[in-house]
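> Take this sequence and fold it.
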Amino acid sequence: MPEKYSSPVAYFWAWLTTVMGTVTLEKWAILIGALCAVGNFLVNWYYKRKEDLRNEHQP
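Model (predicted):
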């Protein structure tokens, strides 16, 4: 039974380490910065929407 899962897991880790090895430090910084920007946008959108909904229901 474990053989069924070991091969896909091994291929996944091989692929992941290959991809990580090809990405330079500058590319990591750009990627992390972009992810932080998207995350910041989503958090701000969520709380702004909650505020707008709260203001709609106030008399």
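> only C-alpha atoms for contact and neighbour calcs from this point on.
Fine.
> Determine the number of other residues adjacent to Leu31.
13 (other Cα atoms under 10 Å).
> Next up, identify which helix or strand it is on.
Take DSSP states H and E as the rule and Leu31 turns out to sit in helix 25-56.
> just Tyr11 next, same as before
Using DSSP H and E, Tyr11 sits within helix 2-22.
> Render the CA-only coordinates of that helix in CSV, please.
Extracted C-alpha coordinates of helix 2-22, given in CSV (Å, rounded to 0.1, in the frame of the first residue of the first chain):
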residue,chain,number,x,y,z
PRO,A,2,2.7,2.6,0.8
GLU,A,3,4.2,2.1,-2.7
LYS,A,4,1.1,3.6,-4.2
TYR,A,5,1.9,6.9,-2.6
SER,A,6,5.6,6.9,-2.4
SER,A,7,6.2,7.4,-6.1
PRO,A,8,4.0,10.5,-6.5
VAL,A,9,5.4,12.0,-3.3
ALA,A,10,9.0,11.4,-4.5
TYR,A,11,8.2,13.0,-7.9
PHE,A,12,6.5,16.0,-6.2
TRP,A,13,9.6,16.7,-4.0
ALA,A,14,11.9,16.2,-6.9
TRP,A,15,9.9,18.8,-8.9
LEU,A,16,9.7,21.2,-6.0
THR,A,17,13.4,21.1,-5.2
THR,A,18,14.2,21.6,-8.9
VAL,A,19,11.9,24.6,-9.1
MET,A,20,13.3,26.1,-5.9
GLY,A,21,16.8,25.6,-7.1
THR,A,22,16.2,27.6,-10.3
